[in-house]
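Enquirer: Need the 3D shape of this:
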Amino acid sequence: MKQSKWLTFTLVAIAQFMVVLDIAITNVALPTIKQQLHFNNSSLQWVITAYALTFGGFLLLGGRLADLFGRRRTLLIGMSAFTTFSLLIGLSHSAPELIILRALQGLSAALMSPSALSIVLTTFGDGPERNRALGYWTLVATGGAAVGLLLGGFLTEYFGWRWNFFINVPVGVLMIAAISRFVPVHAKEENRPTLDLPGAVLITSSLLLLVFAFSKAPNWGWLSGSTLGTLGAALVLLAGFLYNEYRAKHPLMPLSIFGIRNVTGANFMMAPIYAGMLGMFFITTLYVQNILHYSPLKTGLSFLPFPLILGFMSTRIPKLVGRYGFKRFLVAGPLIVAIGLALLSRVPVHGSYLADLLPTFVLMPLGMGMTFMPIIAAATSGVPSHLSGLASGLITTSQQMGGALGLAILSGIAASVTASSAYLGRAGALVHGFDRAILAGVAFMLFAVALAIFIIRQPKRPPVEGESARAEVLRASSAHA
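Expert: Here you go, the predicted structure:
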């Protein structure tokens, strides 16, 4: 039985690895894609943003579908679509076609990711075994981004950018067959599945508009009527979603889950943390290729310390969390990342890898490795089984929407500062924009540290599986009634 648990974990972890890999694998290929498909500077970020946008926007729906209609079924549907769209992206021949297909690929990923994590949560009960599983999950969920840069550089240089997507096809086909055979069917958690379509439409539309506003703000103007109007529409839709969830008989996101303080705190922490990380990968990749003039393969190799250090940390943190609790790591981890980003925000035009990049590539995975497993543990530990898909979708939504917003904000800041710094010359203006954008990433991390200090609570004793969360949900439900 124990062996079958880890076989299940391995298969769904590979599915998650595919999802995370495709967020980062295209970063190194962006200059090549720009040249071959004739992207302009303002539309290039949408190769990344389109995927992150639909991924994050539909995650709550994906998590709820997993709870209502079966986790394995939802995972397999998402993986089949993901594999198909990967093939089509590799065959695309225009910028609009690529962006649309990337958005559809992100939608497929939104079905896969919460289903995969909720399978892990229902396979491993609260305690040391789940902590170990979440430690490995952290390695997959965060290491995939770093490995994507390395693999993307290799594939782009030797096989062409299209193989960044073609590679998903054989892996996807094999995983669909293996998951169908070896991952057990998980029963539906509700006897009469009812999907809250109004809630799904409202929250998805709100999240999409929010990221779109930040993505277009550098062109529209940060205080223009278009930017403020789009942000206002996003907030109105969000208010409509919350009202709908309060009144709905079968809500997409039962608001009672936010009665669990650590669930709320962990989700609010995840967004700025992943915003800083994904934004850093995008900005640094552009710096390395456009300023230091590294080849795609050399760019990928420059990020090699990231997965190595992250892997080391991710395998050791679960035992430390079991011994000392997760709060102290949720304070220390983002603080270390903030220090690494602060060093990166000072890179010069004539920078060097060893002096200007390597310190960040050591400190950042050290801090991330201390952060991600504890934050997932805080967001999901003890959550009742009928809400496990929701909890998985919620924390992954915070991660991906944070990443999409962070990428939009940091790239927007970089573009705005670069445009106003033409007097520094092309390279000087670019680097000045990069530096100011990374400083925004530092602010994100410090905000996460403050949340960890003031909101996250360390349980005084390990909870019996589901006990504390059920009690808190019941209390919140009673108060709501």
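
Enquirer: name the helices or strands packed onto whatever helix or strand residue 401 lives in?
Expert: Using DSSP states H and E, residue 401 sits within helix 388-419. Applying 3 or more Cβ pairs under 8 Å, 6 or more residues apart in numbering; DSSP states H and E, one finds that helix 388-419 contacts helix 46-57, helix 59-69, helix 95-123, helix 197-220, helix 261-286, helix 358-380, helix 425-454. Every C-beta, even on glycine, is put in place using the N, C-alpha and C of the backbone.

Enquirer: Check the offset of the last one from the chain's centre.
Expert: Right, the one you point to is helix 425-454. Distance of helix 425-454 from the chain centroid (Cα atoms, centre = their mean, to the nearest Å) equals 18 Å.

Enquirer: what stretches of the stretch 1-150 of the chain score poorly on pLDDT?
Expert: Of all residues in the stretch 1-150 of the chain, those with pLDDT under 70 make up the ranges 1-3, 41-42, 126, 142-143, 145-146.

Enquirer: right, so of the helices and strands packed on helix 388-419, which gets closest to residue 247?
Expert: For the helices and strands packed on helix 388-419, distance to residue 247 was read as Cβ to Cβ. The smallest value, 9.9 Å, belongs to helix 197-220.

Enquirer: Might you report the residue contacts of residue 99?
Expert: Taking Cβ atoms under 8 Å, 6 or more residues apart in numbering as the definition of contact, the neighbours of residue 99 are 43, 46, 47, 50.

Enquirer: so where's the stretch 251-400 of the chain shaky on pLDDT?
Expert: Within the stretch 251-400 of the chain, the stretches falling below the threshold (pLDDT under 70) are 381-382, 385-386, 388-389.

Enquirer: now do 80
Expert: Low-confidence regions of the stretch 251-400 of the chain, defined here as pLDDT under 80, cover residues 252-253, 256, 259, 314, 380-393, 396-397, 400.

Enquirer: Can you point out the buried residues in the helix holding residue 401?
Expert: Of the residues in helix 388-419, those scored as buried under the neighbour-count criterion (16 or more other Cβ atoms under 10 Å) are 388-418.

Enquirer: Confirm for me that residue 391 is in contact with residue 263.
Expert: Yes: look at residue 391 against residue 263 with Cβ atoms under 8 Å: they come within range, at 6.8 Å.

Enquirer: shared neighbours, these two?
Expert: With contacts defined as Cβ under 8 Å, 6+ apart, the residues shared by residue 391 and residue 263 are 257, 379, 380, 383.

Enquirer: Number of residues surrounding the closest residue to residue 265 other than its chain neighbours?
Expert: In space, not counting the residues next to it along the chain, residue 265 is nearest to residue 455; the distance is 3.6 Å by Cβ to Cβ, 6 or more residues apart in numbering. Using other Cβ atoms under 10 Å, residue 455 has 16 other residues around it.

Enquirer: Which residue is the nearest non-sequential neighbour of residue 133?
Expert: residue 124 (4.7 Å).

Enquirer: From residue 6, how far off is that neighbour?
Expert: 10 Å (Cβ to Cβ, to the nearest Å).

Enquirer: more neighbours, these two?
Expert: residue 124 (21 against 16).

Enquirer: give the contact list for that one.
Expert: For residue 124, counting by Cβ under 8 Å, 6+ apart, the contacting residues are 5, 9, 130, 133.

Enquirer: Which strand or helix spans the third one?
Expert: Right, residue 130. Taking DSSP H and E as the criterion, the element that holds residue 130 is helix 128-158.

Enquirer: and what of the first one?
Expert: When elements are assigned from DSSP H and E, residue 5 belongs to helix 2-24.

Enquirer: Tell me the helices and strands packed up against that helix.
Expert: The elements that helix 2-24 packs onto, with contact taken as 3+ Cβ pairs under 8 Å, 6+ apart, are helix 46-57, helix 71-90, helix 95-123, helix 128-158, helix 168-182, helix 261-286.

Enquirer: could you check the angle helix 71-90 makes with the fifth one?
Expert: In terms of direction (axes from the mean of the first three to the mean of the last three Cα atoms, to 10 degrees), helix 168-182 departs from helix 71-90 by 170 degrees.

Enquirer: Then the shortest one?
Expert: Helix 46-57 and helix 71-90 meet at an angle of 170 degrees, taking the same axes, to 10 degrees as the criterion.

Enquirer: Counting by contacts, list what helix 46-57 packs against.
Expert: Under the contact criterion of 3+ Cβ pairs under 8 Å, 6+ apart, helix 46-57 touches helix 2-24, helix 30-37, helix 95-123, helix 197-220, helix 388-419.

Enquirer: Give me the contacts around the helix or strand following the fourth one.
Expert: Spelled out, it's helix 197-220. Scanning the chain past helix 197-220 towards its C-terminal end, the next helix or strand to appear is helix 225-247 (assignment: DSSP H and E). The list of residues contacting helix 225-247 from outside it, by Cβ under 8 Å, 6+ apart, reads 196, 198-199, 202-203, 205-207, 209-210, 212-213, 216-217, 220-221, 251-255, 480.

Enquirer: Counting neighbours, which bits of helix 225-247 end up buried?
Expert: Going by neighbour count (16+ other Cβ under 10 Å), the buried part of helix 225-247 is 227, 230, 231, 233, 234, 237, 238, 240, 241, 242, 244, 245.

Enquirer: Stretch 289-296 too?
Expert: For stretch 289-296, the buried set under the neighbour-count rule, 16+ other Cβ under 10 Å, comprises 289, 291, 292, 294, 296.

Enquirer: Need the max-distance pair from the residues you listed.
Expert: 291 and 296 (15.1 Å).
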